[in-house]
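fold the stuff below for me.
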Amino acid sequence: MHGDEKALSAVKASTSLGSHEWVAWGKDDNEPNQVIALNWESPSKPSLMDQAKEFILGAGVAPFRETYEGGKVVYQREAFPEIKEWFEENEIFDKYLELAALSMTFCEQAFVNLSVGEGKDIGLQTIQPLKCRYVKPTGKGLEALLISPQFGTGKKPSQLAKVPLFNRKEPTKYAESIMHLKKAQIGQDFYNLGLFWGTKWWTKVANKIPLYHLNGLENGYNIKYLIEIDEAYFIQEGETPGDEETDKLIEARKDKFMAKLDAFLAGVENADKAVVMIGDLTNGDGKANDLIRIKPVDNKMTDDAYTKIYGAANTAQAQGHGILPVLAGIAQGEKLGGSGSELEHAAMYQVAYRTPSYRRHLLKPLNLALKLMGLDEKGTVAFRFVDIEFTTLDKNPTGKQNSLGA
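Next up, the predicted model:
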């Protein structure tokens with residue numbers, strides 16, 4: 001059961017709106033929904049978002065023992081069977097960590113359902129941000145969150161759960177509460193904006209270019225011939241155009257001719273198209289020319305400009321997601337794109353300088369859980385992120401090894 005489903009079932013939720021009022025997310029209370037819809041129309045945005053999430057997650061998390069040696073903090077990796085058992089039994093990576101990291105890349109925040117039972121009965125599950133809204137604050141400030149799968153859909157929520165916010169001073173006060181992991185942003189009092197939301201216009205531009213080419217391929221920018229046919233070609237000797245029955249015969253001949261012409265020109269998926277025009281081919285003095293003329297069309301259409309625009313849009317989008325363009329597969333052959341070692345250094349830079357604040361937020365619920373279960377051993381044991389480090393084959397046959405994350 002996902003975090004949002006659990007919150008709706010485990011918490012005594014109101015089935016009607018009652019007096020609940022919430023803080024709208026955007027002008028029409030559907031801003032994140034609009035962004036998601038725009039993203040899924042993009043050939044690159046979902047991949048960029050997933051890639052940013054993967055950089056945050058690295059090789060996952062693991063418990064470490066913290067000690068001091070020579071005035072320096074040293075983290076020692078040890079085996080902690082109880083912690084490993086809790087992590088696996090509660091599916092912490094699947095239900096909490098992965099979706100929380102993705103929520104951070106999407107909107108710089110994550111809503112986490114903390115379940116507090118007896119002993120080691122501690123659960124962490126991330127709720128999709130689209131389904132969360134703050135209860136309108138009173139004089140006491142923010143106290144609770146509303147959860148509904150119908151927020152942002154334009155429908156009146158028929159399912160609505162009210163869940164209290166996590167109380168840091170009394171962490172076991174509620175059996176179910178919401179931890180709001182939120183990065184600092186200027187001007188955002190309630191819900192954060194994803195850093196890439198400013199690239200929405202570039203996203204729309206990039207989304208239009210494939211549609212332009214698709215429509216061009218289907219509707220004619222590969223036109224190779226202009227075929228002109230004189231109306232007289234379809235009139236037999238002795239017939240008089242204008243007569244109703246005669247006109248029907250003429251139109252039937254045109255349809256039959258065009259069907260044969262279409263089949264002949266279709267080739268492989270109608271690769272080389274032609275435009276057919278039927279009309280009067282007499283010259284200026286009224287004398288008839290050929291009944292059928294075929295003219296090759298010089299196609300001067302070029303897509304270089306569109307390719308450049310598409311490249312610029314992709315670069316802007318990668319930057320908006322906080323991913324170095326070379327790691328997004330954009331700057332091939334340019335700086336930091338010529339060798340594996342350069343890509344490795346770019347990846348190390350990405351992890352070292354663009355993930356630490358996200359990771360600090362994501363570690364808070366994990367280390368709180370250890371404390372609530374009494375597994376933190378008086379503050380000496382804590383979760384840390386683990387990264388993948390490339391190495392030589394003589395050191396590790398796989399060519400990579402785990403290292404302590406930033």
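
quick one: the strands in the stretch 151-300 of the chain, in order.
With DSSP state E, counting those that start in this stretch, the ranges of strands along the stretch 151-300 of the chain come out as 161-164, 176-182, 223-230, 273-279, 292-296.

give me the contacts around the second one.
When you say that, I think you mean strand 176-182. Strand 176-182 is contacted from outside by 7, 10-11, 100, 104, 108-116, 127, 132, 144-145, 163-167, 192, 361-362, 364-365, 368, using CB atoms under 8 Å, 6 or more residues apart in numbering. All C-beta atoms are positioned from the backbone trio N, CA, C, and that covers glycine.

circling back: lowest average pLDDT across the strands of the stretch 151-300 of the chain?
Mean pLDDT per stretch puts strand 273-279 lowest among the strands of the stretch 151-300 of the chain, at a mean of 68.

which parts of the stretch 1-150 of the chain are helices?
Applying DSSP state H, counting those that start in this stretch to the stretch 1-150 of the chain gives helices spanning 3-10, 31-40, 45-57, 81-89, 92, 98-107.

of the ones you listed, which is nearest Arg354?
Nearest of these to Arg354, taken as CB to CB: helix 45-57 at 7.1 Å.

could you give the angle of that closest one to helix 31-40?
Between helix 45-57 and helix 31-40, the angle comes out at 110 degrees (axes from the mean of the first three to the mean of the last three CA atoms, to 10 degrees).

what helices or strands is helix 45-57 leaning on?
Helices and strands touching helix 45-57, by 3 or more CB pairs under 8 Å, 6 or more residues apart in numbering; DSSP states H and E, are helix 31-40, helix 98-107, helix 304-320, helix 340-354, helix 356-373.

I'd like those written out as a markdown table, with distance to Glu237 added.
Formatted as a markdown table, the helices and strands packed on helix 45-57 follow (distance: least, CB to CB, whole Å):
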| stretch | distance to Glu237 |
| --- | --- |
| helix 31-40 | 62 |
| helix 98-107 | 74 |
| helix 304-320 | 52 |
| helix 340-354 | 76 |
| helix 356-373 | 83 |
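
most tightly packed of those helices?
Mean neighbour count (mean count of other CB atoms under 10 Å) peaks for helix 98-107 among the helices and strands packed on helix 45-57, with a mean of 24.

which residues does it contact?
Residues outside helix 98-107 that contact it (CB under 8 Å, 6+ apart): 3, 32, 35, 49-50, 52-53, 56-57, 109-112, 126, 128-129, 181, 183, 191-194, 321, 358, 361-362.
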